[in-house]
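S.K.: Fold the following for me, if possible:
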Amino acid sequence: MSNATAANPQAKQRKNALAFLRNIGIIAHIDAGKTTVTERILFYTGRSRNIGEVHDGKATMDHLEEERERGITITSAATTCSWGKYTINIIDTPGHVDFTAEVERSLRVLDGAVAVFDGVAGVEAQSETVWRQADKYKVPRIAFVNKLDRTGASFEYCLESMVKRLGVHPVPVMLPIGLENDYVGNIDLIRMNARYFGEGNDDTAFVEKEIPEEYREAAETARHEMIEAACMMDDNLLERFLEDETQISEKEIIDALRIGTIQRKLTVVLCGAALRNKGVQATLDAICDYLPSPLDQPPVIGTDKKGEEARRDCDVEQPFSALAFKTVFDPNGDLTFMRIYSGKGEAGEQFLNTRTGKKERLGRLYRMHAASREPIDSCQAGDIIAAVGLKNTHTGDTITDVNEPITLESVEFPDTVISMAIEPKSKGDRDKLSQTLAVLAKEDPTFRAWTDEETNETIIAGMGELHLEVLRHRIIREFKVAAECGKPRVAYRQTIDQPKDSVEGKHVKQTGGHGQFAVVKMRFERLEDSQDIEFVDEIKGGTVPREYIPAVGKGVKDASVKGREFPFPFVSVKCTLFDGKSHDVDSSDMAFQSAGRIAFNAAVEGNQLFLEPQMKIEVMCPEENLGDVIGDLNSRRANIGEIADRLNLKVITGTVPIAETFNYSSKLRSLTAGRGTYSMEPQGYAPVPQSVRESIVKEVEEMRKAKQG
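M.R.: Just a heads-up that it's a prediction; the model follows:
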């Protein structure tokens, strides 16, 4: 503690409050039980009087109509609760791949996370995706193995799948007593006692007893391994462990495991069955014991107004800085969710949005409890709050002190992979539709809307079939816009098929007075490991003046946004400028932009390779249905990579074009009598077969004819 803090009782009090604050997310594959875990946390912390059930459509955190109807989480929801002396801010995130942006922007601002795994399935496809997202933002995690009361549950299998599929070092601090219908409690490996659940008439209570004799040896072995993993985090503890591990205290074990968790060198693992109220209190203890407070995080790094690196400590005495990570439409003023990284802000105070360069006023401030709001007067470093009044603030924007601004790292989102046309039913709905699409685009960074120049249709695009279906329902039901939608379309891309060694782009015009003159010579080739349009400057001898070279790159990238022959963006092209000509009077930025655009169009004309988005797919089905499921996947142009066993099911993994996945859920249910399940996630792009190319060309030609007609 600094001398200034020691001398200032208020500063010391604020530091103590931050030490007992946890900003966490609940992350997992769909149906692993994230929202059920969150509902139990709210109940046990006294935040909710009743336990809301997902299957009844009464979960507190799933407050949208679409979520209640479908029984899934679609948008991340925030809440705050208390456990003893700790305050816990929680963000419950979606598990479906179509809504992965909600996970991305939540993890960007969180200090820790609880990863929930299905006790039967272990690590699933979307589990891997959210785990990688957490790795990207260096978020420490603990794991909760859920649903151990289900048929086929295996705690050991879940641990093995964490090692195999996530490459982590799982360290159980609990062992289950029994499994499936016989799952009755947990063994606490730190305190070496047994917790039995639901004894008496209260199924939310537990009693502590001696460890059953038949579990004693397994518990002692697991405890030894846990202490060994903890001691690897502390050299002094390791020495004592090698001499006599019985002398290491419970607090020392917890502190060492906390260090390992924060440094992401190990993953503490708990177990339970949230739906049956088993194991959740211990998970709350673990959130407080092992996950970091804002003070455990390094200073946030950004850039100042000179473009130089700047840092902010989590301290109210520092200049104000916050990141907007989510906006939600509200007719009385949009809600902007923010993580406060430094300083203090009060309702009515003005700050700077560094993206727009304009001042924004914090209007009303709230702590959120799903859809409910609790007004607050101020916010400070470490808080996650919502504000009304930020009119031009979008996801990823930095809100900062006017006099000492800092721009924090924003949030990146994947490109859309599927689109469809939407048409208002009447002229009166046209303006409403336009306004609604603007609102949705502000709320959801993975949603796009535009007017197709070829057909004059309004096109909406998103991350998958379910994503677009949910958006369509919101447009019609929530925003009251009468509209009709076409069939989903795949978001194809183009790249260059064959390299072009010397392509000339020549823009020469004489229009009285100064003319326009620019000549460039370029090479074009395909990039195998990047989706970018890469511009490379190899000019020697000043054949193109330095001041015009960026304009050539801009012209190339402008031309790549949408091809002239086919209306798909270009990707994965390396464009190298190696020669050219200029004129002392007639050359300009605009002329060289045009020359770059002409060169790019010449290089790709008749030389396009169509690419289609691929999905990584994982299908689980009974063995007796394996042949039918594989046959159907083959008919969908799937590339099957592996067929493995997972308990009593077969697991098929591979890739499949997204164009072939429409209505797959209903087909799989039909083939497996409802017993098959699957999950998908984006897996890049791949060239389309010739037959598919021909159908794409035909469809584009028909659209053009329809427009002309």
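S.K.: didn't residue 44 look like it was pressed against residue 282?
M.R.: No. Between residue 44 and residue 282 there is no contact under Cβ atoms under 8 Å: 10.5 Å. All C-beta spots, glycine's among them, are computed from the backbone N, C-alpha and C.
S.K.: Tell me the secondary structure at residue 558.
M.R.: At residue 558 the chain is in helix, as set by DSSP: H, G, I helix; E, B strand; the rest coil.
S.K.: Quick check: it vs residue 598, distance?
M.R.: Using Cβ to Cβ, to the nearest Å, residue 558 is found at 11 Å from residue 598.
S.K.: what's near enough to touch the residue lying closest to residue 457 once chain neighbours are set aside?
M.R.: With sequence-adjacent residues excluded and distances taken as Cβ to Cβ, 6 or more residues apart in numbering, residue 457 is closest to residue 421, at 4.4 Å. Residue 421 sits next to 452, 455, 457, 458, 459, 485, 486, 489 when contact means Cβ atoms under 8 Å, 6 or more residues apart in numbering.
S.K.: Out of those residues, give me the one that has the most neighbours.
M.R.: Of all the contacts of residue 421, residue 458 has the most neighbours under the rule other Cβ atoms under 10 Å, reaching 19 neighbours.
S.K.: Surely residue 470 is within a strand?
M.R.: No. Per three-state DSSP, residue 470 lies outside any strand segment and is helix.
S.K.: returning to that earlier point: more neighbours: residue 558 and residue 598, which one.
M.R.: Legend: neighbour count by other Cβ under 10 Å for residue 558 and residue 598, higher for residue 598 (21 against 15).
S.K.: That one and residue 506 touch, don't they?
M.R.: Yes. Judged on Cβ under 8 Å, residue 598 makes contact with residue 506 at a distance of 6.7 Å.
S.K.: Report the set of residues contacting both of the two.
M.R.: With contacts defined as Cβ under 8 Å, 6+ apart, no residue is shared by residue 598 and residue 506.
S.K.: So the residue nearest to residue 457: helix, strand or coil?
M.R.: Applying three-state DSSP to residue 421 yields a three-state assignment of strand.
S.K.: And it, how close does it get to residue 489?
M.R.: Residue 421 sits 8 Å away from residue 489, going by Cβ to Cβ.
S.K.: anything in contact with each of these two?
M.R.: Listed contacts common to residue 421 and residue 489 are residue 459; contacts here mean Cβ under 8 Å, 6+ apart.
S.K.: Can you name the residues bridging to residue 118?
M.R.: Beta-bridge partners of residue 118, counted by DSSP bridges, are residue 122, residue 146.
S.K.: thinking it is in contact with residue 31, fair?
M.R.: Yes. Residue 118 is in contact with residue 31 according to Cβ under 8 Å; the separation is 7.1 Å.
S.K.: Settle it for me: which of those two has more neighbours?
M.R.: Legend: neighbour count by other Cβ under 10 Å for residue 118 and residue 31, higher for residue 118 (23 against 20).
S.K.: ok, now which ones touch that one?
M.R.: Each residue near residue 118 by Cβ under 8 Å, 6+ apart is listed here: 29, 31, 32, 33, 124, 146, 147.
S.K.: Surely the first one touches residue 120?
M.R.: When you say that, I think you mean residue 29. No. Here residue 29 lies out of contact with residue 120, judged by Cβ under 8 Å, at a distance of 11.7 Å.
S.K.: Compare these two (neighbour count), which wins?
M.R.: Using other Cβ under 10 Å as the criterion, residue 29 and residue 120 rank with residue 29 on top: 27 against 22.
S.K.: need the contact list for that one.
M.R.: Neighbour list for residue 29: 95, 117, 118, 121, 124, 125, 126, 127, 130, 679 [criterion: Cβ under 8 Å, 6+ apart].
S.K.: Need the per-residue pLDDT for it.
M.R.: Per-residue confidence (pLDDT) for residue 29: 86.
S.K.: longest single strand anywhere in the chain?
M.R.: As assigned by DSSP state E, the longest strand anywhere in the chain is strand 608-621.
S.K.: Would you map the strands across the stretch 551-700 of the chain?
M.R.: Using DSSP state E, counting those that start in this stretch, the strands of the stretch 551-700 of the chain run over 573-581, 608-621, 639-646, 649-657, 677-687.
S.K.: Also compute the angle for the last one relative to strand 639-646, please.
M.R.: By that I understand strand 677-687. Orientation check (axes from the mean of the first three to the mean of the last three Cα atoms, to 10 degrees): strand 677-687 against strand 639-646 gives 160 degrees.
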